[in-house]
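Peer 1: Below are the sequence and a predicted model; questions follow.
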Amino acid sequence: MTPLAAALVDWYRGNARDLPWRAQGFGAWGVLVSEFMLQQTPVNRVIPLLEAWLVTWPTPTALAAASPAEAVQRWANLGYPRRALWLHRAAVEIRDRHDGVVPRDVDALLALTGIGDYTARAVAVFAYGDRHPVVDTNTRRVLARAVDGRSQPGPPARSDLDRMAAILPEDRAAAATVNAAAMELGAVVCTARTPRCDLCPVRELCAWRAAGYPDTGDTRRRQARYEGSDRQARGAVLAVLRDAAPEGVPVDAVIADWPDAAQRDRAIGTLLADGLAETTPDGLLRLPA
DNA sequence: CAATCGTGGGA
DNA sequence: TTCCCAAGATT
């Protein structure tokens, strides 16, 4: 094992957080749902909703039997509600193409709606114990600092997978631990802002530290302002639909007092196009039944 | 490939 | 207050 991998594993054994999806027997479906919810949403906000979700829909087939509306409604305020729609579609695909069993093969996972390079490998590794590189933003930051001596990672690249694969031990279980440990270190120690290098288990072999913590100028694209954005308008529309009766709300009554009428119409239009809302013959707007 | 897509908490 | 950022995926 490389020194970096060995140090990560040693640290992880004594410092891993006790997260629900790490429990023995949590199941591939639970892992898959957790990974969908964790896409861009913080751990602490995911946990309670994940547990409620799995009580209602303990299997892919159970979720597939529900309506998309129920899925989007139960997604509540996790954000990026398209993920709820995609998770529901993935459940239907699992029922129809995989006999209701979450696939283990990475290519089969990649073929499911809403699953990309990260989530496919996360499920194969953390749910099934197979040996693949799992690379998320935490891992990319750890590699950028410890190996490249940079202050922040560059843009995501397919080569990230090869770089991670290069430090994985041969043993499957050990490889899975290295994957989890790199993510965990990035999440709790090697954080984007104010990293806690004083208690970092790999500081002695960290290239960024050796270089004196230079600011290497890796600047990520700034997120667009949320206040006044189309996303805010979409969020407001969807919040109304989530809280409304299933039959829906008169289209003209939805956020009727929105400051920008054109933006309001645009928000409803794109939500319809995305399949996150639909209209009824009698002019109601509702979640997709 | 760069833009888009929610929501909330902390610096 | 404002800005940053959080286990990404899709088009």
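Peer 2: Noted; the coordinates are in hand. Nothing here was measured: the structure is a model prediction, and the numbers come from that model.
Peer 1: Run a quick neighbour tally on the closest residue to residue A:3 other than its chain neighbours.
Peer 2: Using CB to CB, 6 or more residues apart in numbering and skipping the chain neighbours, the partner closest in space to residue A:3 is residue A:205 (5.7 Å). C-betas here are computed from N, CA, C, even on glycine. Counted with other CB atoms under 10 Å, residues neighbouring residue A:205 total 14.
Peer 1: list the contacts for residue A:205?
Peer 2: Applying CB atoms under 8 Å, 6 or more residues apart in numbering, one finds that residue A:205 lies in contact with A:3-4, A:7, A:146.
Peer 1: one more time with 10 Å, if that's ok
Peer 2: Residues counted as contacts of residue A:205 (CB atoms under 10 Å, 6 or more residues apart in numbering) are A:2-4, A:7, A:146-147.
Peer 1: Would you mind measuring from the closest residue to residue A:274 other than its chain neighbours to residue A:88?
Peer 2: Leaving aside its chain neighbours, residue A:274 sits nearest to residue A:82 (6.2 Å; criterion: CB to CB, 6+ apart). As judged by CB to CB, to the nearest Å, residue A:82 and residue A:88 stand 11 Å apart.
Peer 1: shared neighbours of the two, which are they?
Peer 2: A:72, A:75, A:113-114.
Peer 1: Domain-wise, how is chain A divided?
Peer 2: Domains of chain A are assigned by automatic domain parsing as A:28-126, A:230-286.
Peer 1: Give the burial count for residue A:26, as a bare number.
Peer 2: 16.
Peer 1: Repeat that for residue A:255.
Peer 2: Neighbour number of residue A:255 under other CB under 10 Å is 17.
Peer 1: residue contacts, it?
Peer 2: Here residue A:255 is in contact with A:233, A:236-237, A:239-240, A:249, A:261, A:263-264, A:267-268 (CB under 10 Å, 6+ apart).
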